[in-house]
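1. pasting the sequence and the predicted coordinates here, then a few questions.
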Amino acid sequence: MKESSSVTELDLALVHALQIRPRAAWTDLAPSLGVTAVTLARRWERLTGEGLAWLSAVPGPAFSRTRCSAFVLVRCPPAAREPLAARIAELDEAATVELTAPGGADLLLDVLAPDVAGVHRFVDERLARLPGVSAVDCLFATSLYTEGSRWRLGSLDSAQLSALGRPDGTDPDGEAPAAALGAVDRELLDALARDGRLGLAALAERLGTSAATVRRRLGRLTRSGTVAFRCDTSRDLTGLPVSVTFRGRAPVREVNGLHRTLATLPGCRLVAAVTGSANVLATYWLPGIGGVQHHETVMSARLPSLEITDRLIGARTVKRMGHLLDADGRRTATRPIRSW
């Protein structure tokens with residue numbers, strides 16, 4: 001594990017604050033955290049420099065209405081797992097690549113594409129032809145109820161949360177028309193995928209345009225739900241080292257209702273309805289392996305119609321929403337998502 005200065009309560013509070021107000025000025029965040037803006041800027045610079053936390057643009061709510069998401073399970077020989085994961089992580093469509101514990105699938109991918117045909121091309125023409133791939137199972141997301149950008153670290157108290165004000169977000173109704181993207185918009189999103197806190201002046205300089213143009217375009221992309229901002233962390237910083245993805249089967253008429261219960265369980269990172277006989281997918285970050293059985297017991301008690309068919313334990317995340325991670329879960333590089 002890399003050497004680093006210790007993570008403080010202020011660091012954790014800062015991450016939580018940025019999960020709520022990702023692009024807020026340091027001067028706006030400072031009062032609720034009880035320190036100066038200079039201190040916050042310095043703390044964030046250290047966290048990002050050590051790969052412990054990062055903030056980036058990710059596809060917003062409009063993506064699930066206008067584009068295509070799929071979860072792809074890959075089987076391969078044990079010796080091929082690490083090199084295969086590294087090769088897949090270089091592919092733009094594979095937003096997330098996770099090594100899973102032996103017993104089920106060997107790799108779990110989160111694939112983003114403009115349409116269903118794009119997912120098929122990725123699976124058939126790029127993924128399946130890689131050396132070592134022995135089997136592939138593709139689950140299309142038909143509804144995405146919650147995902148990682150809505151997850152919170154839980155380090156702020158109620159007074160601090162109140163002082164922060166309303167969360168930054170998209171159109172509250174979630175039905176604004178998706179923004180049509182031009183070349184400048186794509187350059188803007190590419191820059192923000194690498195660093196979601198780049199200021200308007202810095203973005204304008206990179207794009208060769210004015211700060212007013214950047215403000216106008218970014219506002220349109222955010223309001224339409226085309227883009228959202230996500231503050232993410234290494235697993236060590238969260239204190240939740242175990243990741244588990246449950247696959248389950250429920251009557252179709254009940255799927256739209258059970259997600260509310262699944263999302264209230266501690267550590268929820270993802271709840272989706274998917275294609276296939278196991279039509280529900282839910283991922284949790286947990287403090288220990290014992291939490292897997294506990295969560296499944298709670299699900300069984302609260303949702304008797306949901307049958308858990310598989311449990312995929314994450315061994316290591318190689319790539320998370322476009323960011324490459326080392327063995328300790330720290331960000332080392334970025335491969336921006338480009339499936340806008």
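-> Looks like it arrived, so ask away.
2. how much space between the residue most central in space within the chain and residue 262?
-> Nearest to the geometric centre of the chain sits residue 148, at 4.0 Å (Cα atoms, centre = their mean). Separation of residue 148 from residue 262 (Cβ to Cβ, to the nearest Å) stands at 15 Å. Placement of C-beta: from N, CA and C, glycine included.
3. do residue 271 as well
-> Residue 271 is 5 Å from residue 262, by Cβ to Cβ.
4. which residues do the two both contact?
-> Counting by Cβ atoms under 8 Å, 6 or more residues apart in numbering, the residues touching both residue 271 and residue 262 are 145, 280, 282.
5. in the stretch 201-340 of the chain, which spans are strands?
-> 227-233, 242-249, 268-274, 280-286, 307-320, 323-325, 331-334 (DSSP state E, counting those that start in this stretch).
6. where in the stretch 1-150 of the chain is pLDDT low?
-> For the stretch 1-150 of the chain, the stretches flagged by pLDDT under 70 are 1-5.
7. apply 50 and report the result again.
-> 1, 3 (pLDDT under 50).
8. how about the helices in it?
-> Assigned by DSSP state H, counting those that start in this stretch, the helices in the stretch 1-150 of the chain fall at 9-20, 26-33, 37-49, 61-66, 81-89, 116-121.
9. nearest to residue 296, out of the ones you listed?
-> Judged by Cβ to Cβ, the one of the helices of the stretch 1-150 of the chain that comes nearest to residue 296 is helix 81-89, at 25.5 Å.
10. any idea how far the nearest residue to the residue nearest to the centre of the chain once chain neighbours are set aside lies from residue 110?
-> Among residues not flanking residue 148 along the chain, residue 269 sits closest, at 5.3 Å (Cβ to Cβ, 6 or more residues apart in numbering). Distance of residue 269 to residue 110, given as Cβ to Cβ: 11 Å.
11. who has more neighbours, those two?
-> The neighbour comparison of residue 269 against residue 110 (other Cβ atoms under 10 Å) goes to residue 110, with 23 against 19.
12. wait, that one sits on residue 89?
-> No. Residue 110 is beyond contact range of residue 89, at 11.7 Å (criterion: Cβ atoms under 8 Å).
13. related to what we said a few turns ago, got a list of what the residue nearest to residue 148 touches?
-> Residue 269 sits in contact with 146, 147, 148, 151, 243, 283, 284, 285, where contact means Cβ under 8 Å, 6+ apart.
14. beta-bridge partners for the closest residue to residue 316 other than its chain neighbours, please?
-> Using Cβ to Cβ, 6+ apart and skipping residues adjacent in sequence, the residue nearest residue 316 is residue 99, 4.6 Å away. Under the criterion DSSP bridges, residue 99 forms beta bridges with residue 107, residue 316.
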